[in-house]
Structures are given as structure tokens and as C-alpha cells.
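S.K.: What follows is a predicted structure for the sequence shown.
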Amino acid sequence: MRCLLIDDDIPTVEALCDIINWRENGISQILTAHNIQDAKLLFDANVPDLIICDIEMPRGSGIDMIKWVRENGYDCAFIFLTCHESFDFASTAISYNADSYLVKPLDKHKLEAVLLKSVETLQRKRMLGEYSKLGLTWLKNKDLVEKKLLERCPHRHHLAEA
């Protein structure tokens, strides 16, 4: 999975890159951006699976980012970081289906727990999506499959009468 870290504070991004064992948490690639505009540009070539984003930044907020992501139909997990325990930010983040909302300074263990939960939820959601596709394929082709099975069955006359 791919993770995009967005924070205008460069040392925070560098620290996040260094302190988390990303591979152990299911992340194979880390992308970084220091503002929303740069983050949006990364979507063209590398749509992330997970976004860890500061809420308050000078050139666009994390709320702006999650709105843009949702409006454009991207299915990314979202973890928000902030220095403020504002209920308004938290409630808005939740309304856009953010996975978590963590207050800085970050606790490594809390972040890793939230990260792992987001990755597992995303994997489960994607697996259910695949099962749904298989189920729809079965429903669309059920009559044909049943017909072909009955044609191959040596006792098909008995089955048809039952």
C-alpha cells in the first residue's frame, strides 16, 4: 500500500518517515507533500491508499484535502493530525469519513495502532468489494451456469422432473 504524508512542517514529515515501521504496518511506499496543491499533483501518478494529513496548513487545510479526495471518488483512508483539539475540525473530519483524528505531539504507539487499524479496514473493504463483484458475476450468469451443469449431468431428466 501507498501512504501520502501531508504537513507544512517539514521536520514533522521527516520524523514520521523515520519513527514508523511502515513495512511492518503494511505500507510499501511513502509519498510526501508539504501543501495541498503538491499533494493533489501526486494523485495523477500515485493514488495513495492512505493519507496522513495535518488539518491546519497555510495553503489549504486537511479538510480541503479530504473534501477534494471524496469529491473525486478516491477511496483513501484518512488520518488527521492537528495541534488543536477543536471539535469543529473533528466533527467535519468525521463527516467526510476520516478514519482517525490525532492531536500533536504524536504518540508513536497511538499512531501505529491507528495506522494498522486503517490499513486493515481498507484491506477488508477492498476484499468485500471483490466478493461483491464475484457475487454480481454469479447472479448475472447463474441461469447459464445452471443450464450448462444440467446439460452435462447424466441424470438431467430426473433433476428436471424433481
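M.R.: Here it is on my side, so go on.

S.K.: any idea how far the nearest residue to residue 42 once chain neighbours are set aside is from residue 57?
M.R.: Once flanking residues are discounted, residue 42 sits nearest to residue 31: 5.4 Å by C-beta to C-beta, 6 or more residues apart in numbering. For every residue, glycine as well, the C-beta is placed using N, CA and C. Residue 31 sits 16 Å away from residue 57, going by C-beta to C-beta, to the nearest Å.

S.K.: Surely residue 116 and residue 21 touch.
M.R.: No - in this structure, residue 116 is not within contact of residue 21 by C-beta atoms under 8 Å, at 10.4 Å.

S.K.: Look at the two and report which has more neighbours.
M.R.: Ranked by neighbour count (other C-beta atoms under 10 Å), residue 116 and residue 21 place residue 116 first, with 14 against 10.

S.K.: Is the more buried one within a helix or a strand, and which one?
M.R.: Per DSSP states H and E, residue 116 falls inside helix 108-152.

S.K.: If you count contacts, what does that helix end up packed against?
M.R.: In this structure, helix 108-152 packs against strand 50-54, strand 77-82, strand 100-103, helix 156-161, with contacts taken as 3 or more C-beta pairs under 8 Å, 6 or more residues apart in numbering; DSSP states H and E.

S.K.: The third one pairs with which strands?
M.R.: Yep, that's strand 100-103 we're talking about. strand 77-82 (parallel) (DSSP bridges).

S.K.: pull the CA atoms of the strand it pairs with into CSV?
M.R.: Output of strand 77-82 as CSV, limited to C-alpha atoms (Å, rounded to 0.1, in the frame of the first residue of the first chain):
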residue,chain,number,x,y,z
ALA,A,77,-8.2,6.0,4.2
PHE,A,78,-7.6,9.3,6.2
ILE,A,79,-5.8,10.0,9.4
PHE,A,80,-5.7,13.7,10.5
LEU,A,81,-3.1,15.3,12.7
THR,A,82,-3.5,18.6,14.5
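
S.K.: any residues touching it, and which ones?
M.R.: Residues outside strand 77-82 that contact it (C-beta atoms under 8 Å, 6 or more residues apart in numbering): 7, 12, 49-56, 62, 66, 69, 89, 93, 96-104, 106, 111, 114-115, 118-119, 121-122.

S.K.: Of these, grab the buried ones for PyMOL.
M.R.: Selection of buried members from the contacts of strand 77-82 for PyMOL, criterion 16 or more other C-beta atoms under 10 Å:
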select buried, resi 7+12+49+50+51+52+53+54+55+62+66+69+89+93+96+98+99+100+101+106+111+114+115+118+119+122
